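A.B. asks: Sequence plus predicted model, see below.
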Amino acid sequence: MNRFNSNRHHRRTIRLKGYDYSQQGMYYITICCQNRIQYFGNIENKKMVLNDAGEMVLQCWLEISQHFPNVFLHEYVIMPNHVHCIVEIVNIDTTAMSVGAGFARPNLQKQCVNIGGNNKQFPCLHIVTVNTGRADPARTIGNIVGYFKYQSTKKIDLPVKLWQRNYYERIIRNTEEYQHIVNYIVNNPANWKNDKFYKV
């Protein structure tokens, strides 16, 4: 298997021209710490060990679906100085609590997903959601990332800037690409020293 190339598979915040980032779909996102400082813990025996700041980031990440009822969190990893994650935006009827292809999703923990009406099923992997009906749907990927950055910055309360201004994203177009990115995320701690974000 070819190693995931982050240069080739990421697109910077100069977004894809003409693309509506509020529409339902799968997105691969990477959010980096300012100056790539390792705030969130260390890699030990090829596994990520979160410190207190890392645990706070994890908490903020898992709370996204409570704030945005149309956002589902798939595979993710918190690394020493960045976060990789797959986010799904779905069309949601807040009255009927139904989405996209028409099946209901009340308080789900795992669910295979049908993206963009193309009948391509994506695997069920670490999908976390709590649809309370009390929150507003996310408008765009930028809306989700901005909320996460704000909440985590407020919790950690550093005297310096926590996150860099930009973030990386990629639209996931099919199951093969999805699985390729999942494999990269899962294996990221073991490959830390070869990571483009690695900094001693």
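C.D. replies: Yep, it's here.

A.B. asks: and the longest helix along the chain, which residues are buried?
C.D. replies: Secondary structure assigned by DSSP state H gives helix 141-156 as the longest helix of the chain. Going by neighbour count (16 or more other Cβ atoms under 10 Å), the buried part of helix 141-156 is I141, N143, I144, V145, Y147, F148, K149, Q151, S152, I156. Using the backbone N, CA and C atoms, a C-beta is placed for each residue, glycine as well.

A.B. asks: Stretch 29-42 too?
C.D. replies: I29, T30, I31, C32, C33, Q38, Y39, F40, G41.

A.B. asks: What count of nearby residues applies to the closest residue in space to the fourth one that isn't next to it in sequence?
C.D. replies: Nearest residue to C32 in three dimensions, chain neighbours excluded: H82, at 4.3 Å (Cβ to Cβ, 6 or more residues apart in numbering). Other residues lying near H82 total 24 when counted by other Cβ atoms under 10 Å.

A.B. asks: H82: what's it in contact with?
C.D. replies: Counting by Cβ atoms under 8 Å, 6 or more residues apart in numbering, H82 touches T30, I31, C32, C33, R36, F197.

A.B. asks: now do 6 Å
C.D. replies: The contact partners of H82, taken as Cβ atoms under 6 Å, 6 or more residues apart in numbering, are T30, C32, F197.

A.B. asks: thinking again about what came up before, return the subset of the buried residues of stretch 29-42 lying in strands.
C.D. replies: Among these, DSSP state E puts I29, T30, I31, C32, G41 in strands.
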